[in-house]
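Chemist: Provided below for reference: sequence and predicted model.
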Amino acid sequence: MDTAVDAFRMLSDATRLRLMWLLSHGEYDVSSLATAIEVARPSVSQHLAKLRLSGLVETRRDGRRVLYRARDVHVRALINEALFHADHEVSGIPRHE
């Protein structure tokens, strides 16, 4: 339970959730993420460090760049479902089982 609570706590920040949405769909370096979500690079780096420490994000080196991505299929599914749920709430799309 504690690990799940920690993951939800990390995702409760709008900037981190935006980052996770992008990282659920591919690999990005810090500069690309900062540009995509229009947040300063140092701030993006700090958020990524927290996400990495919490186990939601993993990295790999590509030459001098560090690329980030969502850790696994479970994390990607969690992000997708959370945002699909929000879309239903905002758009009025009928709920379904």
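Modeler: Here it is on my side, so go on.

Chemist: Show me where this protein has its helices.
Modeler: Secondary structure of the chain by DSSP state H: the helices cover 2-11, 14-23, 30-37, 41-53, 73-91.

Chemist: With the flanking residues excluded, which residue is spatially nearest to the most centrally placed residue in the chain?
Modeler: By C-alpha atoms, centre = their mean, the mean C-alpha position of the chain lies nearest to residue 20, the distance being 1.1 Å. In space, residue 20 comes closest to residue 79 once its chain neighbours are excluded; the distance is 4.9 Å by C-beta to C-beta, 6 or more residues apart in numbering. The way it works is simple: take the backbone N, C-alpha and C, and place the C-beta from them, glycine included.

Chemist: what's the answer for residue 18, then?
Modeler: Spatially, and ignoring its direct neighbours in sequence, residue 18 is nearest to residue 37 (4.8 Å; C-beta to C-beta, 6+ apart).

Chemist: Could you pull up the contacting residues of the one you found?
Modeler: Remark: with contacts taken as C-beta atoms under 8 Å, 6 or more residues apart in numbering, residue 37 is in contact with 15, 18-19, 22, 44.
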